[in-house]
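Peer 1: Got a predicted model here, sequence first, then my questions.
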Amino acid sequence: MDGFYEKIAEILEVDTLNPSEELANFPEWDSLSVLSVIAMIGSDYGVNLTAADLRGVATAQALRDLVTGRRGR
Amino acid sequence: MNLIFSHRRISGLLAVVPANERSFVEDMANFNSPPARSLKLKQVMGYDKHRVVDGPVCASDLACFGLEHLFASGTVARDGCDALIVVTQSPDYLMPPTSSVIQGRLGLKHDMFCLDINQGCAGFLIGLFEAFALLEQPAVRKVALVNVDVMSRKTSPRDRNSYPLVGDAASIAIVERSDDGTPIHANLKMDGTRREALMIPAGGLRLPCSPETAEMEDDGDNNFRAKDNLRMDGSAVFNFVQVEVPPMIRDLLQTAKAAMEDVDFFLFHQPNRFMLHKLADQMNIPYERMPSNIVELYGNSSGVTIPMAIVHNLRERLLTGSIRACLAGFGVGLTWSSMLIRLGPLDFCELIDYK
């Protein structure tokens, strides 16, 4: 899971990312970013998330936990 | 519900696309978002080019052009079809039916069953079901199934949610009886409670077109569209497809007692490359068995995309041989449907430009 937060930061177009900050606070957290995150997690981590999976995810930390959990299955 | 047919085949397929091509980069000038952001959308979704009509071209124009081409090439006789099914959500008029417009313009025989169906992205399957059913009648020997839409005319060029993916096109499938008694399994589900996920709010009797419905409004996401325009709730549609389509395909294969490996090609409606790749990932289908290139080359033309995917990707193969195909359509209604069918050899399988 190296570089996970850097990849999310890149999608959100920010230099650094505080993993516990609410994703909703980022101006670039829109439907396109959601799709970009789903695409990145699928290609880089082999986890297929649905749009609904992301609905309950508030922070980058929570997203990382979700992906880690799915990978462990 | 599960549906089952037999002794039916598609004997030929023709797709018609407008010669006029637009690129995503050209479209970007109309979007109210930074170019870098739009380019990212292009990359993620797989947008590039799309074919849209240039001027006031209607559904019947594309359909008549295609049918005249078949008559002229001698593949289909002018009086050779006993039924004409037109599936469209962008008809020439509220009334009369577009099938009657086409019948009249082409001077087709009166001994003919003309039928319009208002359906979109599942419209190729819905049309096939109706064609298969009509062929129960001895008097109906050959059905021309026309799928056609000119949705670019109802889509706001300032709506980045919809405009870059929309394409106009028509397809003509000739459907006939066959000697092959192998069951054709299919399934279909509909959910009208989610009918507003894909809609054109104005233009019917509920909300007639007026100067107010033509006014461009910001939906809060920097996309400008009027009530006269197509409105798509992109996230709701994406979610619908991801949740409903994989179990539908599993059920279909189970009913048909077929395995994933028994299917040569998964020829699905083409919403965009991204969604198709996600579906392939969810179902462990290799990308090469699920074509996803229609939107980037021609645009998403609703019910025409399955014939387009077939004609563009499998032309040579289907002119000489046959494949076992899993078709699936999903969209407006909401409607989702799939079918396991043998395709080919086809008498014709062609894509032509409308000029």
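Peer 2: Received, thanks.
Peer 1: Need the single longest helix in chain A, by residues.
Peer 2: In chain A, assigned by DSSP state H, the helix with the most residues is helix A:31-45.
Peer 1: for it, packing partners?
Peer 2: Helix A:31-45 sits against helix A:4-11, helix A:51-55, helix A:60-72, helix B:35-45, helix B:234-255, helix B:273-283, with contacts defined as 3 or more C-beta pairs under 8 Å, 6 or more residues apart in numbering or on different chains; DSSP states H and E. C-beta coordinates here come from the backbone N, C-alpha and C atoms, glycine included.
Peer 1: Ok, which of those comes nearest residue B:139?
Peer 2: Comparison of the helices and strands packed on helix A:31-45 against residue B:139 by C-beta to C-beta identifies helix B:234-255 as nearest, at 31.4 Å.
Peer 1: What residues of that closest one count as buried?
Peer 2: Across helix B:234-255, burial judged by 16 or more other C-beta atoms under 10 Å in any protein chain shown covers B:234-235, B:237-242, B:245-246, B:248-249, B:252-253, B:255.
Peer 1: With residue B:99 as the reference, measure out to the residue nearest in space to the middle of chain B.
Peer 2: Nearest residue to the geometric centre of chain B (C-alpha atoms, centre = their mean): residue B:303, 1.5 Å. Distance of residue B:303 to residue B:99, given as C-beta to C-beta, to the nearest Å: 14 Å.
Peer 1: And for residue B:342?
Peer 2: 28 Å.
Peer 1: Counting neighbours, go ahead and name the busier of the two.
Peer 2: Set side by side, residue B:342 and residue B:99 show more neighbours around residue B:99, with 26 against 15, by other C-beta atoms under 10 Å in any protein chain shown.
Peer 1: contacts for the least confident helix or strand in chain B by mean pLDDT?
Peer 2: Within chain B, no helix or strand scores below helix B:35-45, which has a mean of 87 by mean pLDDT, DSSP states H and E. Residues external to helix B:35-45 that are found in contact with it (C-beta atoms under 8 Å, 6 or more residues apart in numbering or on different chains): A:28, A:32, A:35-36, A:39, B:24-25, B:28, B:31, B:47-48, B:160, B:164-165, B:272-274, B:295.
Peer 1: Could you tell me which of these count as buried?
Peer 2: A:32, A:35-36, A:39, B:24, B:28, B:31, B:47-48, B:160, B:164-165, B:272-274, B:295.
Peer 1: Quick one: neighbours of residue A:21, just the number.
Peer 2: Count around residue A:21 with other C-beta under 10 Å applied: 14.
Peer 1: before we move on, back to that, wait, the residue nearest to the centre of chain B touches residue B:118, no?
Peer 2: No: using C-beta atoms under 8 Å, residue B:303 is not in contact with residue B:118; the gap is 10.5 Å.
Peer 1: Overlap in contacts, the two.
Peer 2: Common neighbours of residue B:303 and residue B:118 (C-beta under 8 Å, 6+ apart) are B:87-88.
Peer 1: now residue B:12, what's its secondary structure?
Peer 2: Using DSSP: H, G, I helix; E, B strand; the rest coil, the structure places residue B:12 in strand.
Peer 1: Contact partners for it?
Peer 2: Applying C-beta under 8 Å, 6+ apart to residue B:12 gives the contacts B:70, B:75-76, B:172-174, B:346-349.
Peer 1: from those, which has minimum pLDDT?
Peer 2: Ranked by pLDDT, these bottom out at residue B:75, which has 94.
Peer 1: any idea how far residue A:72 is from that one?
Peer 2: With distances taken as C-beta to C-beta, residue B:75 is found 57 Å from residue A:72.
Peer 1: And those two? Which one has more around it.
Peer 2: Relative neighbour count places residue B:75 above the other of residue B:75 and residue A:72, with 16 against 6, counting by other C-beta under 10 Å.
Peer 1: Who are the contact partners of the more buried one?
Peer 2: Contact analysis of residue B:75 by C-beta under 8 Å, 6+ apart lists B:12, B:347-348.
Peer 1: Who is residue B:51 paired with across the strands?
Peer 2: Counting by DSSP bridges, residue B:51 is bridged to residue B:21.
Peer 1: quick one: it and residue B:20 touch, right?
Peer 2: Yes: taking contacts as C-beta under 8 Å, residue B:51 lies within contact range of residue B:20: 6.6 Å.
Peer 1: Looking at these two, which has the bigger crowd around it?
Peer 2: Taking other C-beta under 10 Å, residue B:51 and residue B:20 do not tie; residue B:51 has more neighbours (24 against 17).
Peer 1: OK, contacts around residue 46?
Peer 2: Using chain A here. Counting by C-beta under 8 Å, 6+ apart, residue A:46 touches residue A:71.
Peer 1: wrong chain, I was asking about chain B
Peer 2: B:272-274, B:292, B:295-296.
Peer 1: What residues of the least confident helix or strand of chain B count as buried?
Peer 2: B:37-38, B:40-42, B:44-45.
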